[in-house]
Structures are given as C-alpha cells and as structure tokens.
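Q: predicted coordinates and the sequence they were generated for:
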Amino acid sequence: MRIVVTGTNGQVALAMAERGAEAGVEIVLVGRPQLDLARPETVLPALTAAKGDVVVNAAAYTAVDQAESDAATAFAINATGAGAVAEAARMLGVPLLHLSTDYVFDGALDRPYREDDATGPMGVYGASKLAGEAAVLAAGGAVAVFRTAWVYSPFGRNFVKTMISLAASRSEVSVVSDQLGRPTSALDIADTLIAAAARMARTPNDARLSGIFHMAGAEDASWCELAQGVFDALATQGRARCTAIPIPSSNYPTPARRPANSRLDGAKLSAVFGLTLPGWRASLPQIVARLAG
Ligand SMILES: NC(=O)c1ccc[n+]([C@@H]2O[C@H](COP(=O)([O-])OP(=O)(O)OC[C@H]3O[C@@H](n4cnc5c(N)ncnc54)[C@H](OP(=O)(O)O)[C@@H]3O)[C@@H](O)[C@H]2O)c1
C-alpha cells in the first residue's frame, strides 16, 4: 500500500513517515511548492503525480492564535484547500483520510464529545477546520474525517517540547488547569491512520468507513496535568525536578479562546474500525525520553 500524505514537516506527516517505514508501508510526503493548499490548482496535479492508493490530508493551517488575525489564510488552507484535496481524491478514485480538530466544539458539555454532538467553534481556526470538514464530506467518495486533539510528538512545535525547554531553566511553570482534553501522540495517530487507510483501501465501498470519527488518546488531562507528566518523565531521565503550578485560563490570555472541555469520545472509531489509541501516560514517556536524551 502506498499512502500519500500532505505536508512534509508536520508532526503527523513525519510520524507517518517514521511509522510507515517500520510497518513496511510506503509513505510519500507531498508538500509545498508542489502541493500548496493555498493554491488549490496545485492539488490535483501533485496528487496525480504521487500515485497513492490512499491520501491522508495532514496539512493544515494550525496556528490557533495567529488565525484570529489571518482568517482569510486559515480558511483558504483549511476549508478551500482541504476541499480541493477531497475533489482530487474523488477524481483519482482513492479514499481520503482527513484530519480535523477538537476545537470545532465550544466545550460546554460536561462529558467527552461524540461525533454527532453540536459543533460551535470558539475561534477562527476551529471555524476554518469545521468548514473543511463540510468541504471534504461534500466532495463525495470514500472520505473519513478524523478529529484529533492536543497533538505532541518528537517533531515540529508542540506543547510537550515547550515544557521540556522551560524545565531546563525553571523549577516551577504556571500552566492552565481549567481546559480538559485528550493529549494524543502523533506516532499513535500515524499507527491508527495506517491501519484505517489499509481498511479503506481494501473496502472503499464500505459506507460505514466514511463520515466523522474521533481519534484521540484514551486518557483525559488538563494542560497542567500534561505538563506535570512531562516534568515527571524528565525526572526519570535524571533531570532536575520541575513543578507545574495550576492557573486559570483567565491568567493566561491568548488571542483565541479555547474550549474548557474538548475531550473526544473514541467509541465510534473503536466500534467501526476496531481501533483505540493508547492514553498519554503510556505514550508520553518514550517521546520525552527521545527529546531529552
Ligand atoms: N497540533 C495539534 O495539536 C492538533 C490538534 C487537533 C487537530 N490537529 C490537526 O491535525 C492535523 C495535523 O496537525 P500537525 O500537528 O501535524 O500540524 P503541524 O505540525 O502544524 O504541520 C502542519 C503541516 O501543514 C503543512 N501546511 C501548512 N500550510 C500548507 C499549505 N498552504 N500547503 C501545504 N501544506 C501546508 C505544513 O507544511 P510544511 O511541511 O511545509 O511545514 C505542515 O506539514 C491538522 O489537520 C491539524 O488541524 C492538530
């Protein structure tokens, strides 16, 4: 199986390359300038040349705060660009696995979100990703949208890397404790996408495999708990102990508001694809060891 993945330096794209190599699955990363989601006319030629059995759209405008002042670019990439990927996949007759986000929700529910719960993005990024979901599903064909959350990995920029670098110079770090989510390793996302892609490539006409699925780590955390998990893992590597101090979001203002609860319920992914992601307490230590080693 040959999986074409959009983006070349993204967390999920690089995790797909690493896990694919280990699993003996051919992964081809296609990014700018050949495939530029801000230039939809580049998408079909680039995906045609890449000759995949399946396409994974892992490229996106992911700067949540910056999107607040750059809505046009966020929507061009996350909505129009994503739609162009889905159109191209349908024209090429290959299944599409598209990534979306927990930030399509407003966080008001007091339980993990299911796929059919009402959406209500709190910011431009979430709104642009929600528009992207609609665009890829409207294209038709075999399309699965996987909403993931709180992604960390050895690659790119992410919260875990930020905490590791802060811990190098501080014994305490104040971290928001009133937002709950499901931290997700990009390596676990890659394993799950590879398995889901194989299933979709085998049975592209199975309508149950199309639609929206929640694909996040199996365990809840606040940002503060996740930070403490990073610091605890660093301590086991022999690093000086650092403590995460809980603070409310009101003490850490950001341009984009974020949901208080964006936990994703993975029951549908488990029931339809038979796939469950590990929790962050199992996946985080290896990644911290890689980054701190
Ligand atoms: N990060 C999170 O916490 C999080 C949470 C929920 C959902 N998600 C979703 O999960 C997916 C993967 O996220 P990630 O963390 O891997 O993202 P990331 O590390 O920020 O990488 C973004 C990728 O998108 C590519 N990209 C950006 N603009 C592009 C354009 N105009 N044309 C082509 N490629 C473009 C980047 O290109 P380069 O390779 O050139 O840098 C990069 O490969 C995204 O759909 C994201 O919305 C992420």
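A: Thanks, I have the structure now.
Q: just to check, G31 is in contact with L14?
A: No - checked against Cβ atoms under 8 Å, the pair G31 and L14 is beyond contact range at 11.1 Å. C-betas here are computed from N, CA, C, even on glycine.
Q: neighbour count winner among these two?
A: Counted by other Cβ atoms under 10 Å, G31 and L14 do not tie: L14 has more neighbours, with 23 against 18.
Q: so what's that one up against?
A: L14 makes contact with L29, S153, F155, G156, A186 under the criterion Cβ atoms under 8 Å, 6 or more residues apart in numbering.
Q: reformat those residues into CSV and put neighbour count and pLDDT next to each item.
A: Output for those, formatted as CSV (neighbours: other Cβ atoms under 10 Å; pLDDT from 0 to 100):
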residue, neighbour count, pLDDT
L29, 22, 98
S153, 25, 98
F155, 21, 97
G156, 18, 94
A186, 28, 98
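Q: out of the residues you listed, who's nearest the ligand?
A: Nearest to the ligand among the contacts of L14, counting by Cβ to the nearest ligand atom, is G156 at 3.9 Å.
Q: that older thread, out of the contacts of L14, list just those in helices.
A: A186 (DSSP state H).
Q: any idea how far V94 is from the nearest residue to A23 once chain neighbours are set aside?
A: The shortest distance from A23 to any residue other than its chain neighbours is 5.9 Å, reached at I194 (Cβ to Cβ, 6 or more residues apart in numbering). According to Cβ to Cβ, to the nearest Å, I194 stands 15 Å off from V94.
Q: now Q66
A: With distances taken as Cβ to Cβ, Q66 is found 32 Å from V94.
Q: out of these two, which sits in the more crowded spot?
A: V94 (23 against 15).
Q: quick one, what contacts A46?
A: A46 makes contact with V30, Q34, L35, according to Cβ under 8 Å, 6+ apart.
Q: I would like a ChimeraX command selecting only the buried ones among the residues you listed, please.
A: To isolate the buried subset of the contacts of A46 in ChimeraX, counting by 16 or more other Cβ atoms under 10 Å, use the following:
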select :30,35
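Q: which ones, among the contacts of A46, also lie beside the ligand?
A: L35 (Cβ under 6 Å from any ligand atom).
Q: ok, so of the contacts of A46, who is nearest the ligand?
A: The ligand lies nearest to L35 out of the contacts of A46, by Cβ to the nearest ligand atom, at 5.7 Å.
Q: now do the same for that closest one: its pLDDT.
A: The score at L35 is 98. That number is its pLDDT.
Q: give me the nearest residue to it, chain neighbours excluded.
A: Leaving aside its sequence neighbours, L35 sits nearest to A46 (Cβ to Cβ, 6+ apart; 3.6 Å).
Q: now that neighbour: phi and psi?
A: The phi/psi pair for A46 (degrees, to the nearest 10) reads phi -70, psi -40.
Q: for it, give its distance to the ligand.
A: Distance, A46 to the ligand, by Cβ to the nearest ligand atom, to the nearest Å: 9 Å.
Q: could you report the pLDDT at the residue lying closest to R114 once chain neighbours are set aside?
A: Nearest in space to R114, with sequence neighbours left out and distances taken as Cβ to Cβ, 6+ apart, is D265 at 5.0 Å. The per-residue pLDDT reported for D265 equals 98.
Q: so D265 sits against I212, correct?
A: No - between D265 and I212 there is no contact under Cβ under 8 Å: 11.9 Å.
Q: so for those two, which sits in the more crowded spot?
A: I212 (19 against 16).
Q: for the more buried one, give the beta-bridge partners.
A: Going by DSSP bridges, I212 is paired in beta bridges with V145.
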